[in-house]
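Asker: task: produce atomic coordinates for the following.
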Amino acid sequence: MPQANLKLSAHDQQVLDSIFNPLELTTLQQDVAVPTEGELADVYEEPKTEAGRASRDLELAAVRLSEKGDIQEALDLFQEAFNLDQRASVLNNRAQTLRLAKRDEEALNDLNRALALVSDKEVRTKCHAHCQRGVLYRKLDNLDAARADFEAAAQLGSKFAREQLVEINPFAALCNQMLRQAFDKLK
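Answerer: Predicted coordinates:
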């Protein structure tokens, strides 16, 4: 947004920036580069133990079962995988399956545990867990918690999270409403 010779407070400038540049995150530091969604990846280390390798294989099998719609069998495999090696990605993927089964409270519990377990090397898992939890909080009308999760995911590089932030931004909603009313009057 071009700067005029107006003396606006920092808050007023932030409001205007959020209206005119809704996909820009004003909470980000200007010199911090945000990765794109395609750049998100967990720093993968080959499991060092037989239990770790078995857990990873069970997790991948459970994901395939979820994709086929075999929800209960997938949940059973996720539990086995987690019992062998308590990894954040297992809980994150199980939460997705629980959401498919409309078991949102259990999914929320898994996401909370996943975010407590996740390491800084697991950027993709962390980002996806924040996005999923943000969606659940939004569904539960807890917009403050949803916003916090979407901001965390957006800072990690999630385009989806940035779009969600725009949707729940009260200034953007007001602008959209005013634009709809203006276009309705033009008809």
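
Asker: if you skip the residues just before and after it, what's nearest to the residue positioned nearest the centre of the chain?
Answerer: Taking C-alpha atoms, centre = their mean, the centroid of the chain lies closest to C131, which sits 1.4 Å from it. Of all residues not flanking C131 in the chain, A153 sits nearest, at 4.7 Å (C-beta to C-beta, 6 or more residues apart in numbering). C-beta coordinates here come from the backbone N, C-alpha and C atoms, glycine included.

Asker: circling back to that earlier point, the residue nearest to the centre of the chain and Y137, how far apart?
Answerer: According to C-beta to C-beta, to the nearest Å, C131 and Y137 sit 11 Å apart.

Asker: where does L174 land in three-state SS?
Answerer: Secondary structure, DSSP: H, G, I helix; E, B strand; the rest coil: L174 is helix.

Asker: what about the nearest residue to S119 once chain neighbours are set aside, neighbour count?
Answerer: Leaving out its chain neighbours, the residue that sits closest to S119 by C-beta to C-beta, 6+ apart is A88, at 7.6 Å. Residues near A88, counting by other C-beta atoms under 10 Å, number 22.

Asker: A88 contacts C127, doesn't it?
Answerer: No. The pair A88 and C127 fails to qualify as a contact (C-beta atoms under 8 Å) at a distance of 11.5 Å.

Asker: that older thread, what comes up buried for the host helix or strand of the residue nearest to C131?
Answerer: Counting by DSSP states H and E, the element that carries A153 is helix 143-156. Neighbour-count burial for helix 143-156, counted by 16 or more other C-beta atoms under 10 Å, picks out A146, R147, D149, F150, E151, A152, A153, A154, Q155, L156.

Asker: let's have these in a markdown table, adding distance to E80.
Answerer: Output for the buried residues of helix 143-156, formatted as a markdown table (distance: C-beta to C-beta, whole Å):
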| residue | distance to E80 |
| --- | --- |
| A146 | 32 |
| R147 | 36 |
| D149 | 28 |
| F150 | 32 |
| E151 | 35 |
| A152 | 30 |
| A153 | 28 |
| A154 | 34 |
| Q155 | 34 |
| L156 | 29 |
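
Asker: show me which of the residues you listed is closest to N112.
Answerer: D149 (10.8 Å; C-beta to C-beta).

Asker: residues in contact with that closest one?
Answerer: Counting by C-beta atoms under 8 Å, 6 or more residues apart in numbering, D149 touches H130, C131, R133, G134, Y137, A161.

Asker: against S158, how distant is it?
Answerer: Counting by C-beta to C-beta - D149 and S158 are separated by 10 Å.

Asker: can you list residues touching both of those two?
Answerer: With C-beta under 8 Å, 6+ apart, D149 and S158 have common neighbours H130, C131.

Asker: could you check the pLDDT of L25?
Answerer: We have a pLDDT of 45 for L25.

Asker: same deal with L117?
Answerer: 95.
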